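A.B. asks: Sharing a sequence plus its predicted fold:
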Amino acid sequence: MQKNTPSKQPFRGIVSLTARRIGFVANEKFEEDILIPEEYLNTALQGDEVEVELLPPRRGERQQGKILKIIVRKRMQFVGTIKIENGISTLIPDDRKMYATIIITKNEAEKLAPETKALVEIIWDNPRENPIGTIKKVLGKKGDHEVEMEAIILEKGFTSGFPENVEKEAEELKKNSSSTERDRAERRDMREIPTCTIDPANAKDFDDALSFRENEDGSYEIGVHIADVSHYVHEGTALDREAISRGVSVYLVDRTIPMLPHILSNDLCSLNPNEDKRTFSAIFTLDQNGAVKERWFGKTLMHSNKRFSYEEAQQTIESGEGIFGRELGILNVLAKKIKARRHAHGAIDFEEDEVQFTLDAQGKPIEIKRKVRLDAHKLIEEFMLLANREVAECINRLEKETGSKRLFVYRIHDMPNSEKMEELAIFLRAIGHELPTLQGKVSSKDLNALFKRIEGEATEGLIKTAALRAMSKAIYSTKNIGHFGLAFKYYTHFTSPIRRYPDIMVHRLLEKYLKHEVVHASELNKYHRLATSSTQQEIAATDAERASIKFKQVEYMAEHIGETFDAIISGVTEWGIYVEVVSTKAEGMIHIRNLGREYFELDQKNYRLIGTDTRKSFNLGDKLKVKLTGADIDARTLDFALFV
């Protein structure tokens, strides 16, 4: 729908491609993005900045455009599989949004065997010709565990190792890492206060720790101690530049691609047990209802007395025995009270189902099970949320006290798009649930009420996923608009500087403000640029994590062809239904030809397929018994049939 009369002048925008070789570019003059047919893509690739000219409008059709030129290429490197046919070597890209087959130059092709995976850099200027690729790295044989994981890492723009100069800087820091008299003079000493870390059992990088002690008046002093990464990683160094380029650590099914070298992430900065560590702390005095009465922020020295896995912490919470038995019990009670207060203020409780894998020595999955959210997980989450919110509110208080704006990096979450909320409400109504909307606006309390109603239902995961997709995405920004999902007016990321670059920025800025140093407005552009790139890297990391999960799900299911599974219908299309296996969350398709002998029609309005003879229907959210009939590991797809 057109907002107002569009200009005929070309405009700039970012291309978003689909796997069907269609592009879209946003234009503020239109409600909908401009559609770019394949013949008008003009070599544009996903994420490219382009110049677009509008095509003459057609009545009743979406506005189309054609790309005049590429202004900035987002990427020129692609991972794929080598194919050799009639003496010509090509690379079939793993990325389904890369719509052109890449021709490998003859001298490069001689090095390669068919079915090899490789990373190539392309040149592509002529839309009437295929892109030409130069081999940058040969990964190995397609299908091999290590090769496929490396392919995911490279495809999403990350690298496993670190440049030599970055490793050298990290080694130099290690040589001079002992705490000094200056540390003891300038930092608050928290080493005598009982302190512990709670992390996944296989974690090696410990960002955060909690300290606890009871005050004589019945209140509690809770310390949230965060690795002081900014003490080691200084602006302008090779370490800093590398951390900026990565933005985040990437957590795949079987490995972590760290943002910082292991010397820092697993040793110098990591809050390992029984070691004195430099930390940046948020220390709170809480009453017995979990309300903050006092807060203090600053550099500290701390000493972790115990490293808990989440499972060990949960056992301690439940038994109340052993080291930290009493402390964890009280922290758990306080966390629940803090969470209840958040919800009363409108915070949305998104707890998506996740899966975890058991792999054999060769990296093949031998078990998939759903992760269980324990009180220990929720305890850590609440105190991290508290620290992040309080740090952002500290900046707001400084602004009020001084009457001047402070440059800062916030974690923001905009209100949902009204059109998407209306679509969500229609979708929910079709599967038997109501979500009140007023001109496309939805209250967080109504969303929470919905999630409470569907708890334990077969469609719970489906509905939460749909709601999450309808939401705006949380991003990093120097402009604060609050966080809709958490119902916080002020929020930032302070608690994970080992694995997130924005947290390092927040540490640096907070330290300057606590020291009454000036951060000049001229630095705004730099921080805005870094916030934007951090958001982009976070998205790429999430894509990589999901790709590794999808790969391992399909690889696991491929060993179970012919077996039956409980599933629910997760999608309905004119060519069949998508089903999600309950036990593994693996998704696949039952083609329409395998639904029965009769003809089925798509009832798009009600998200179902209906048989024209019997009126039998397949509805979104229906439970089914399915049989796995095929698995394509290369394409990451599964085929099912009804089990009757």
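C.D. replies: Perfect, thanks for sending it.
A.B. asks: Tell me the gap between whatever helix or strand residue 13 lives in and the middle of its chain.
C.D. replies: In the assignment (DSSP states H and E), residue 13 maps to strand 11-17. Centroid separation for strand 11-17 versus its chain: 23 Å, with CA atoms, centre = their mean, to the nearest Å.
A.B. asks: Can you tell me which helices and strands it packs against?
C.D. replies: Applying 3 or more CB pairs under 8 Å, 6 or more residues apart in numbering; DSSP states H and E, one finds that strand 11-17 contacts strand 23-25, strand 49-54. Placement of C-beta: from N, CA and C, glycine included.
A.B. asks: How about the contacts made by residue 126?
C.D. replies: Contacts for residue 126 were tallied using CB atoms under 8 Å, 6 or more residues apart in numbering; they are residue 43.
A.B. asks: sec struct for it, please.
C.D. replies: Assigned with DSSP: H, G, I helix; E, B strand; the rest coil, residue 126 falls in the coil class.
A.B. asks: residues of the strand holding residue 13 that come out buried?
C.D. replies: 11, 13-17 (16 or more other CB atoms under 10 Å).
A.B. asks: How about stretch 530-540?
C.D. replies: For stretch 530-540, by 16+ other CB under 10 Å, it's 530-531, 534-535, 537-538, 540.
A.B. asks: As TSV, the residues you listed with pLDDT would be great.
C.D. replies: Output for these, formatted as TSV (pLDDT from 0 to 100):
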residue	pLDDT
530	97
531	97
534	97
535	96
537	97
538	98
540	95
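A.B. asks: Which ones among those lie within strands?
C.D. replies: Judged by DSSP state E, strands contain none of these.
A.B. asks: Give the bridge partners for residue 51, please.
C.D. replies: Residue 51 has the following beta-bridge partners by DSSP bridges: residue 12, residue 69.
A.B. asks: measure it to residue 475 for me?
C.D. replies: Residue 51 sits 25 Å away from residue 475, taking CB to CB, to the nearest Å as the criterion.
A.B. asks: Quick one: the helices and strands packed on strand 11-17 as a markdown table, columns for mean pLDDT too.
C.D. replies: Formatted as a markdown table, those follow (pLDDT from 0 to 100):
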| stretch | mean pLDDT |
| --- | --- |
| strand 23-25 | 96 |
| strand 49-54 | 95 |
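A.B. asks: Which of those strands sits closest to residue 350?
C.D. replies: strand 23-25 (26.9 Å; CB to CB).
A.B. asks: name the helices or strands packed onto the helix or strand following that closest one?
C.D. replies: Going down the chain from strand 23-25, the next helix or strand is strand 34-36, by DSSP H and E. Judged by 3+ CB pairs under 8 Å, 6+ apart, strand 34-36 is in contact with strand 23-25, strand 49-54, strand 65-72.
A.B. asks: Give the helix, strand or coil label for residue 100.
C.D. replies: Look at residue 100: counting by three-state DSSP, its state is coil.
A.B. asks: okay, now the domains of the protein?
C.D. replies: Under the assignment automatic domain parsing, the domains of the chain span 11-72, 77-142, 164-395, 560-642.
A.B. asks: would you turn these into CSV with distance to residue 468?
C.D. replies: Formatted as CSV, the domains of the chain follow (distance: least, CB to CB, whole Å):
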stretch, distance to residue 468
domain 11-72, 19
domain 77-142, 22
domain 164-395, 6
domain 560-642, 14
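A.B. asks: quick one, which of these is nearest to residue 464?
C.D. replies: Residue 464 lies closest, by CB to CB, to one member of the domains of the chain: domain 164-395, at 5.9 Å.
A.B. asks: roughly how far out does the closest one sit from the chain middle?
C.D. replies: That offset, for domain 164-395, works out to 19 Å (CA atoms, centre = their mean).
A.B. asks: Name the spans of this protein whose pLDDT lies under the cut-off.
C.D. replies: Residues of the chain meeting the criterion pLDDT under 70: 1-7, 179.
A.B. asks: so which of the helices and strands packed on strand 11-17 is the most packed in?
C.D. replies: Across these, averaging neighbours per residue (mean count of other CB atoms under 10 Å) puts strand 23-25 on top, at a mean of 23.
A.B. asks: biggest helix in this protein by residues?
C.D. replies: Of all segments of type helix in the chain, defined using DSSP state H, the longest is helix 524-558.
A.B. asks: The helix or strand following that helix: which residues count as buried?
C.D. replies: The helix or strand immediately downstream of helix 524-558 is strand 564-573, counting by DSSP H and E. Residues of strand 564-573 classed as buried by neighbour count (16+ other CB under 10 Å): 565, 567-570, 572.
A.B. asks: Specify the angle between the longest helix of the chain and strand 564-573 in degrees.
C.D. replies: Orientation note: helix 524-558 sits at an angle of 130 degrees relative to strand 564-573 (axes from the mean of the first three to the mean of the last three CA atoms, to 10 degrees).
A.B. asks: So what's the gap between helix 524-558 and the chain middle?
C.D. replies: Helix 524-558 has its C-alpha centroid displaced from the chain centroid by 6 Å (CA atoms, centre = their mean).
A.B. asks: re the thing from before, now distance to residue 625 too, for the helices and strands packed on strand 34-36, in JSON lines please.
C.D. replies: Formatted as JSON lines, the helices and strands packed on strand 34-36 follow (distance: least, CB to CB, whole Å):
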{"stretch": "strand 23-25", "distance to residue 625": "39"}
{"stretch": "strand 49-54", "distance to residue 625": "48"}
{"stretch": "strand 65-72", "distance to residue 625": "47"}
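A.B. asks: and of those strands, who's closest to residue 582?
C.D. replies: Within these, the stretch nearest residue 582 is strand 23-25; the backing value is 34.2 Å (CB to CB).
A.B. asks: Give me the sheet partners of that closest one and which way each runs.
C.D. replies: Paired strands of strand 23-25, with direction, are strand 11-17 (antiparallel), strand 34-36 (antiparallel) (DSSP bridges).
A.B. asks: ok, the buried residues of strand 11-17 vs residue 363, which is closest?
C.D. replies: Using CB to CB, the buried residues of strand 11-17 come closest to residue 363 at residue 17, 31.0 Å.
A.B. asks: which residues does that closest one form a beta bridge with?
C.D. replies: residue 23.
A.B. asks: OK, contacts around it?
C.D. replies: Applying CB under 8 Å, 6+ apart, we find residue 17 in contact with 23-24, 44-46, 97, 99.
A.B. asks: now do 6 Å
C.D. replies: 23, 46, 97 (CB atoms under 6 Å, 6 or more residues apart in numbering).
A.B. asks: Turn these into CSV, columns for distance to residue 396.
C.D. replies: Output for the contacts of residue 17, formatted as CSV (distance: CB to CB, whole Å):
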residue, distance to residue 396
23, 41
46, 38
97, 41
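A.B. asks: Can you tell me which of these is nearest residue 523?
C.D. replies: Looking across these and measuring by CB to CB, the closest to residue 523 is residue 46, at 31.4 Å.
A.B. asks: can I assume the closest one sits in a strand?
C.D. replies: No. Counting by three-state DSSP, residue 46 falls outside a strand, being coil.
A.B. asks: what about it, neighbour count?
C.D. replies: 16 (other CB atoms under 10 Å).
A.B. asks: Hmm, residue 99 and it touching each other?
C.D. replies: No. Under the criterion of CB atoms under 6 Å, residue 46 makes no contact with residue 99, lying 9.5 Å away.
A.B. asks: what about the strands paired with strand 23-25, which gets the closest to residue 387?
C.D. replies: Closest among the strands paired with strand 23-25, using CB to CB: strand 11-17, at 34.4 Å.
A.B. asks: counting contacts, what elements does the helix or strand where residue 80 lies pack onto?
C.D. replies: Element membership of residue 80, judged by DSSP H and E, is strand 77-85. Here strand 77-85 is seen to pack against strand 88-93, strand 116-123, helix 145-155 when contacts are counted using 3 or more CB pairs under 6 Å, 6 or more residues apart in numbering; DSSP states H and E.
A.B. asks: Turn the ones you listed into CSV, including mean neighbour count and distance to residue 467.
C.D. replies: Converted to CSV, these look like this (neighbours: other CB atoms under 10 Å; distance: least, CB to CB, whole Å):
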stretch, mean neighbour count, distance to residue 467
strand 88-93, 19, 32
strand 116-123, 20, 37
helix 145-155, 21, 28
